[in-house]
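Chemist: need coordinates for the below:
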Amino acid sequence: MSPAQLEEILRLSIEERIQLVEAIWDSIADNPETLPLTDAQREELDRRLAEHRRNPQAARPWPEVRDSLSRKK
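Modeler: Below you'll find the model as predicted:
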């Protein structure tokens with residue numbers, strides 16, 4: 001990104017910059033397989049998947065986890 005491009009972006013309103021960030025993030029999220037993982041991250045994901053396959057009943061639905069976390073605030 002050139003300094004002129006950055007300058008132009010910084011002239012956008014806060015709302016416009018947020019929309020730009022959201023659009024950029026969405027474009028990244030559309031291709032998660034292109035995100036690099038460290039060996040440690042890959043090992044952790046493999047460990048978690050293996051644990052889930054050993055005991056799938058231990059998993060909790062996201063709404064339940066979210067509600068539990070909300071009550072701790």
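Chemist: against M1, how distant is the residue most central in space within the chain?
Modeler: Centroid-nearest residue in the chain, with CA atoms, centre = their mean: A29, separated by 7.6 Å. Distance, A29 to M1, using CB to CB, to the nearest Å: 20 Å. Placement of C-beta: from N, CA and C, glycine included.
Chemist: pLDDT below threshold where in the protein?
Modeler: 73 (pLDDT under 70).
Chemist: outline the domain layout of the chain.
Modeler: Domain ranges of the chain: 1-35, 37-73, per automatic domain parsing.
Chemist: in the first one, what's buried?
Modeler: Read it as domain 1-35. Within domain 1-35, no residue counts as buried by 16 or more other CB atoms under 10 Å.
Chemist: what's the answer for the last one, then?
Modeler: Across domain 37-73, burial judged by 16+ other CB under 10 Å covers no residue at all.
Chemist: please compute how far that domain lies from its chain's middle.
Modeler: The chain centroid and the centroid of domain 37-73 are separated by 14 Å under CA atoms, centre = their mean, to the nearest Å.
Chemist: ok, then the element right after the helix or strand hosting I18?
Modeler: Element membership of I18 [criterion: DSSP states H and E] is helix 14-29. As assigned by DSSP H and E, the chain's next helix or strand after helix 14-29 is helix 39-54.
Chemist: how about L35, nearest residue that isn't a chain neighbour?
Modeler: The spatial neighbour of L35 that comes closest, neighbours along the chain excluded (CB to CB, 6 or more residues apart in numbering), is I28 at 7.1 Å.
Chemist: pretty sure the one you found is touching V21, no?
Modeler: No: contact criterion CB atoms under 8 Å: I28 and V21 do not qualify, at 10.6 Å.
Chemist: relative to L35, how far out is the residue lying closest to L12 once chain neighbours are set aside?
Modeler: Excluding the flanking residues, the one nearest L12 by CB to CB, 6+ apart is L20, at 6.8 Å. According to CB to CB, L20 and L35 sit 20 Å apart.
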